[in-house]
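[1] here is a sequence together with a model predicted from it:
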Amino acid sequence: MKNQQEQQFDFVGIGDIVTDAFIRLKNAELHCSVNHEHCEICMAFGAKIPYESMTVVPAVGNSPNAAVAAARLGLQTALVTDLGTDYHGDEAVTTLIKEKVEPRFVRRHAGKKTNYHYVLWYQDDRTILIKHEEYSYSLPEIGKPKWIYLSSLGEHSLTYHGMIERYLQENQTVKLAFQPGTFQINLGPEKLKGIYERTEIFFCNVSEAQKILKLENAKPDIKDLLAGVKKLGPRIAVITDGPKGAYVSYGEQSWFIPPYPDPQAPLERTGAGDAFSSTFVTAVALGKSIPEALAWAPINSMSVVQRVGAQAGLLTREALEQYLAQAPANYQPKII
């Protein structure tokens, strides 16, 4: 048995951890554009509005979700993240241990709060009220894992990204998967140039790709978006398009896959993207081909949206492979 200094992980997530409080609304309205691409949730201003329920889910966030997904699928997994010394921080560490995600790289900051977000859940989707606490970020000695999964960090984390970039430059055998969060997208690829150039697999959705490439006003052409992302440095570009499916480009080849059929209407969509991205990376880490990884990823997304929160529906490898064996004939990657 390797000691802590010698152990090398398959998958190390880096990113902020949060507690999500899901507030299920019942008295609200949706106002959408004609094509339903831009919707707003509306409630009476200044009123007392009843809600249906509240569910608190600890130890979530893009990278924690990814770490839990990878652990359930069989990888040796750890998480680099920052917590306060409050109750929610204690609960997060307990949850990571329960999920077999090694917590030794978790830093606790005395006198600080743990990130806490409010999720306004209406019908099958949500709007999240976010607040990232300001922590003094630093990168611990993580050894040389096979994969690093980098995702959402606070807006004050630019210097921390520089630390991560230097680590990657000094450890060329470590592969990077990058799923940028809101603030990382807002920083832009110029400020994160070294991260983009070092990325093995990059994940975003269509609207995020348009923002990153400064093409918000253009009609999205998926092949142009894939090519544009790869020009920034990533070897493999993956772009999701919600219920329409997902696309990946590697080398000279590109593929599309439809969503895996829902067994019943989605309950709540938080974490579907994280499930997709982390499952894709895990499949590649397990030696699967790019088309095989693309077939794995939507299955975990399908399962996640059947439960509340980003982690409850994450599958074991055995369960995922059972769904894959039962997939309809038209569920397979197609060259585009």
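    Thanks, I have it.
[2] so where does the closest residue in space to H31 that isn't next to it in sequence fall, helix or strand?
    Excluding its sequence neighbours, the residue lying closest to H31 (C-beta to C-beta, 6 or more residues apart in numbering) is E40, at 4.9 Å. Using the backbone N, CA and C atoms, a C-beta is placed for each residue, glycine as well. In this assignment (DSSP states H and E), E40 forms part of strand 39-42.
[3] before we move on, what about F280?
    Per DSSP H and E: F280 is located in helix 272-285.
[4] and that helix, what does it pack onto?
    In terms of contacts (3 or more C-beta pairs under 8 Å, 6 or more residues apart in numbering; DSSP states H and E), helix 272-285 is packed against strand 11-14, helix 62-72, strand 147-150, strand 201-205, strand 236-240, helix 290-304.
[5] quick revisit: the residue nearest to H31: how many residues sit nearby?
    10 (other C-beta atoms under 10 Å).
[6] do P50 as well
    Per other C-beta under 10 Å, the neighbour tally for P50 reads 8.
[7] ditto for S53
    There are 11 residues near S53, going by other C-beta under 10 Å.
[8] list the contacts for it?
    Residues in contact with S53 (C-beta atoms under 8 Å, 6 or more residues apart in numbering) are F22, I23, R24.
[9] ok, now E134?
    If you count contacts by C-beta under 8 Å, 6+ apart, E134 has them with G154, H156.
[10] give me the nearest residue to L187, chain neighbours excluded.
    L158 (6.6 Å).
[11] need the pLDDT of the one you found.
    The model reports L158 with a pLDDT of 95.
[12] now it: how far from F183?
    Counting by C-beta to C-beta, to the nearest Å, the gap from L158 to F183 is 9 Å.
[13] sorry, back to before: right, and the residue nearest to L187 touches G194 too?
    No. Using C-beta atoms under 8 Å, L158 is not in contact with G194, being 11.8 Å away.
[14] and the residue minimising distance to the centre of the chain, what pLDDT?
    Nearest residue to the geometric centre of the chain (C-alpha atoms, centre = their mean): D274, 2.9 Å. With respect to pLDDT, D274 has a value of 96.
[15] quick one: contacts for F9?
    Contacts of F9 were listed using C-beta under 8 Å, 6+ apart, and they are L75, Q76, T77, A78, E102, I142, G143, P145, K146.
[16] got phi/psi on the fifth one?
    Taking degrees, to the nearest 10, you get phi -60, psi 120 for the backbone angles of E102.
[17] burial of it, as a residue count?
    Number of residues near E102 (other C-beta under 10 Å) recorded here: 18.
[18] and it, how far from S254?
    The spacing between E102 and S254, counted by C-beta to C-beta, is 36 Å.
[19] picking up where we left off before, elements contacting the strand holding E40?
    strand 29-32.
[20] the strand it packs on: partners in the sheet, and parallel or antiparallel?
    Strands that pair with strand 29-32, judged by DSSP bridges, come out as strand 39-42 (antiparallel).
[21] pull the residues that contact the strand it pairs with.
    L25, A28, E29, L30, H31, C32, S33, L120, Y122, T127.
[22] how deep is the fourth one tucked in, by neighbour count?
    Applying the criterion other C-beta under 10 Å, we find 12 residues in the vicinity of L30.
[23] could I get the pLDDT score of it?
    85.
[24] now swap in the last one and tell me
    What the model reports as pLDDT for T127 is 90.
[25] who is the residue lying closest to it once chain neighbours are set aside paired with across the strands?
    Sequence neighbours aside, L120 is the residue nearest to T127 in space, at 4.6 Å (criterion: C-beta to C-beta, 6+ apart). Beta bridges link L120 to I23, T127, judged by DSSP bridges.
[26] L120 contacts A21, doesn't it?
    No. Contact criterion C-beta under 8 Å: L120 and A21 do not qualify, at 10.0 Å.
[27] looking at the two, which is more packed in?
    L120 (18 against 15).
[28] low-confidence bits of the stretch 1-150 of the chain, can you list those?
    Scanning the stretch 1-150 of the chain for pLDDT under 70 picks out the ranges 1-6, 35-37.
[29] thinking again about what came up before, which single one of the contacts of strand 39-42 is nearest to A67?
    Distance to A67 across those (C-beta to C-beta) is lowest for T127, with 25.0 Å.
[30] count the residues that sit near that closest one.
    Using other C-beta under 10 Å, the number of residues around T127 comes to 14.
[31] ok, it to R269 distance?
    Applying C-beta to C-beta, the value for T127 to R269 is 11 Å.
[32] one more: R126?
    Going from R126 to R269 by C-beta to C-beta gives 7 Å.
[33] quick revisit: isn't the residue nearest to the centre of the chain right up against A67?
    No. When contacts are counted by C-beta under 8 Å, D274 is not listed as touching A67 (9.9 Å).
[34] all good on my end, thank you.
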